[in-house]
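>>> what's the 3D shape of this:
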Amino acid sequence: MKNVTANNGTYGFYVAGSAAPTVNGLTLKGNSTANLYLMPSAGTTTTTVNNALLRSSSNYGVYTYPTNNSTTTLNLTNATIHANGR
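Numbers count the residues shown, from 1 in each chain. Okay, the predicted model is just below:
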């Protein structure tokens, strides 16, 4: 994926299940629950994000919530995470 923007929603970018996306260019601002939310539910997943701005969420800039004994890895490069609630 390239140049993804999501502003002022509940979740900016929500990754669930066994998804393991690679994103180049991610701008997430002002999302109320989390700008980047990772919730794997199967096995081991890896999400890769390059060139990101995660700003002004009411709660979390990045939040991970593995379920069903799953694990997740976030490879985050060249990112600014600023002014999030927690």
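>>> How about the contacts made by Gly43?
Ser18, Ser70, Thr71 (C-beta atoms under 8 Å, 6 or more residues apart in numbering). In short, each C-beta sits where N, CA and C put it, glycine included.
>>> Burial check on Thr45, number of neighbours?
Neighbourhood size, Thr45 [other C-beta atoms under 10 Å]: 22.
>>> so who does it touch?
Val15, Ser18, Ala19, Ala20, Leu38, Ser70, Thr71, Thr72, Thr73.
>>> Other residues contacting the helix or strand containing the first one?
Going back to what we said before, that points to Val15. Using DSSP states H and E, Val15 sits within strand 11-17. Contacts made with strand 11-17 from outside it, assessed by C-beta under 8 Å, 6+ apart, are listed as 4, 6, 21, 23, 26, 28-29, 31, 33-42, 45, 47, 54, 57.
>>> what are the bridge partners for Leu53, then?
Thr27, Thr80 (DSSP bridges).
>>> will you turn the contacts of Gly43 into CSV that also has neighbour count, pLDDT and distance to Thr77?
Below are those laid out as CSV (neighbours: other C-beta atoms under 10 Å; pLDDT from 0 to 100; distance: C-beta to C-beta, whole Å):
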residue, neighbour count, pLDDT, distance to Thr77
Ser18, 12, 95, 23
Ser70, 16, 96, 23
Thr71, 11, 95, 20
